[in-house]
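Chemist: What follows is a predicted protein model with its sequence.
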Amino acid sequence: MKRNFIAKRFQSAGTGLTLDTAALAKYKDIVDLSIGDTDFTTDEAIINAAFRDAKAGHTHYGDPELISAVCKAWEEDFDQTLPRDHVLVSASSCLGMSLAMFAILDPGDEVIVFSPYFALYRAQIELAGGVCVDVPTYAEEDYAISEERLRAAITPRTKAIIFNNPTNPTGMGYDLSTMEMLARVAKEYDLLIAADEIYTTYIYEGDFRPIRTLPGMAERTITLNSFSKNFLMTGWRVGVIIAEPEFLDVMNRINGSLVYSAPSISQRAGIQALAMRKEIREKYVTAYRDRIFYSADRIEKIPYLSLVRPKGTFYLFPGVEKTGLDDKQFCKELLERAHVLVSAGTPFGKTGANHFRIACTVGIDQLKQAFDRMEKLEF
């Protein structure tokens, strides 16, 4: 009977991305590579700054100083003017993407996502009444975005494209030519682009460029950014939405009925984080790059796996086709036989099947343990 009281939209299965606490309890020597939570503690200077500011009275709603710091950093890093009324602080980029979907979607509106994609996109679109439309990318094509497949997916109900760069889960980083193609298609069909750019410092080839900075794209781009990954602040729950004021006005009204504002202490921490962003990248992101490259080298030597080498983030997305198992079966075998916990690829969209995600959020010593165990397995 209780099920009858639950809204129909919540009666289906969840996202599939949950921490396997039972596995963690069962195997004491487990190496957990499943959850994308940075293992480094937030830099002490950021913590101390937030503590000082809290003691000084910064414990109230909102903080205009963070918006000023965001605008200043954007203009310095990307050479594009960013007015204050184009910035909204959110309590995480997950909430930010949800606010964006709620603001732009009417029931039945379609949003294109490139599969494999961050698993929460589908839920964020569907909770707003929209329809999630997968456009596949393939490992054998290095996860390139096909203009032909993109155009074929566009219908009169298409409202937006979600573009994640660099990407979770594949670790791909897309170049200027891909962004120019997306911009051209968006203009031709009068579409919005929701740009998930939360791993901007985890780019290992060239410099990151936001799609918003391309000619004519500022007015049709909603940029989602976050302090979680770039500044190792996952638990602080603070992010940024950059968009035209008309969009932000609607998102702010919705946000007011949910959380009203991001935590004041987290916003103060964000100000300090932006001030030391170059130092953070050199100190911490370099460590993740070393882990990614080490892990990719190890995976390429395991005969039953395949891999497209990543260009960003701290994720790897190996294929398991050679094992004869599907991704869920493989992950179960890997857990039971090697005590290595990873995420099955199926929740990441249609072309996530027969892959699994590794989050390199442990030190190289633990990564070595994991790959040493994996090398001993036979399928």
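Modeler: That came in fine, so what should we check first? Since this is a predicted model, take the numbers as computed values, not measurements. Residues are numbered from 1 along each chain as shown.

Chemist: check which helix or strand covers Ser295.
Modeler: Secondary structure assigned from DSSP states H and E places Ser295 in helix 286-299.

Chemist: got a list of contacts for that helix?
Modeler: Identification of contacts with helix 286-299 by C-beta atoms under 8 Å, 6 or more residues apart in numbering yields 40, 171, 202, 204, 305, 307, 309-310, 313-314, 316, 318, 358, 360, 363-364, 367-368, 371, 375. From N, CA and C alone the C-beta is placed, and that goes for glycine too.

Chemist: Among the residues you listed, which are located in helices?
Modeler: Using DSSP state H, the subset of those located in helices is 364, 367-368, 371, 375.

Chemist: just the strands in the stretch 201-350 of the chain please.
Modeler: Counting by DSSP state E, counting those that start in this stretch, the segments of the stretch 201-350 of the chain that form strands are 221-226, 239-242, 315-316, 340-341, 343-344.

Chemist: Neighbouring strands of the third one in the sheet, and parallel or not?
Modeler: Meaning strand 315-316. strand 356-359 (antiparallel) (DSSP bridges).

Chemist: Quick one: distance of the strand it pairs with to the chain centre.
Modeler: Its chain's C-alpha centre and that of strand 356-359 lie 13 Å apart, by C-alpha atoms, centre = their mean, to the nearest Å.

Chemist: Same question for stretch 350-361.
Modeler: Using C-alpha atoms, centre = their mean, the distance between the centre of stretch 350-361 and that of its chain works out at 14 Å.

Chemist: okay, it in CSV with CA atoms only?
Modeler: Coordinates of the C-alpha atoms in stretch 350-361 are reproduced here as CSV (Å, rounded to 0.1, in the frame of the first residue of the first chain):
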residue,chain,number,x,y,z
LYS,A,350,23.7,2.8,-23.8
THR,A,351,27.4,2.7,-24.9
GLY,A,352,28.5,2.4,-21.3
ALA,A,353,27.6,-1.3,-21.4
ASN,A,354,30.5,-3.7,-21.4
HIS,A,355,32.8,-1.1,-19.8
PHE,A,356,33.5,-0.2,-16.2
ARG,A,357,34.7,3.0,-14.6
ILE,A,358,37.8,3.4,-12.5
ALA,A,359,38.2,6.5,-10.3
CYS,A,360,41.8,7.1,-9.6
THR,A,361,41.1,8.6,-6.2
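
Chemist: List the buried residues in that stretch.
Modeler: Judged by neighbour count (16 or more other C-beta atoms under 10 Å), stretch 350-361 contains these buried residues: 351-361.

Chemist: Going by residue numbers, what spans are helices in the stretch 151-300 of the chain?
Modeler: In chain order, the stretch 151-300 of the chain shows helices spanning 176-189, 245-256, 264-275, 277-280, 286-299, with DSSP state H, counting those that start in this stretch as the criterion.

Chemist: Pull out the buried residues from the ones in helices among the contacts of helix 286-299.
Modeler: Among these, those classed as buried by neighbour count (16+ other C-beta under 10 Å) are 367, 371.

Chemist: With distance to Arg149 and pLDDT added, can I get the ones in helices among the contacts of helix 286-299 in JSON lines?
Modeler: Converted to JSON lines, these look like this (distance: C-beta to C-beta, whole Å; pLDDT from 0 to 100):
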{"residue": "Ile364", "distance to Arg149": "38", "pLDDT": "96"}
{"residue": "Leu367", "distance to Arg149": "35", "pLDDT": "97"}
{"residue": "Lys368", "distance to Arg149": "39", "pLDDT": "97"}
{"residue": "Phe371", "distance to Arg149": "34", "pLDDT": "98"}
{"residue": "Glu375", "distance to Arg149": "36", "pLDDT": "96"}
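
Chemist: Let me know the helix or strand that the closest residue to Arg84 other than its chain neighbours is in.
Modeler: For Arg84, the nearest residue in space outside its immediate sequence neighbours is Ile67; the separation is 5.5 Å by C-beta to C-beta, 6 or more residues apart in numbering. Assigned by DSSP H and E, Ile67 falls within helix 64-78.

Chemist: In terms of secondary structure, what does that helix contact?
Modeler: Secondary structure elements in contact with helix 64-78, counted by 3 or more C-beta pairs under 8 Å, 6 or more residues apart in numbering; DSSP states H and E, are strand 87-90, strand 239-242, helix 264-275.
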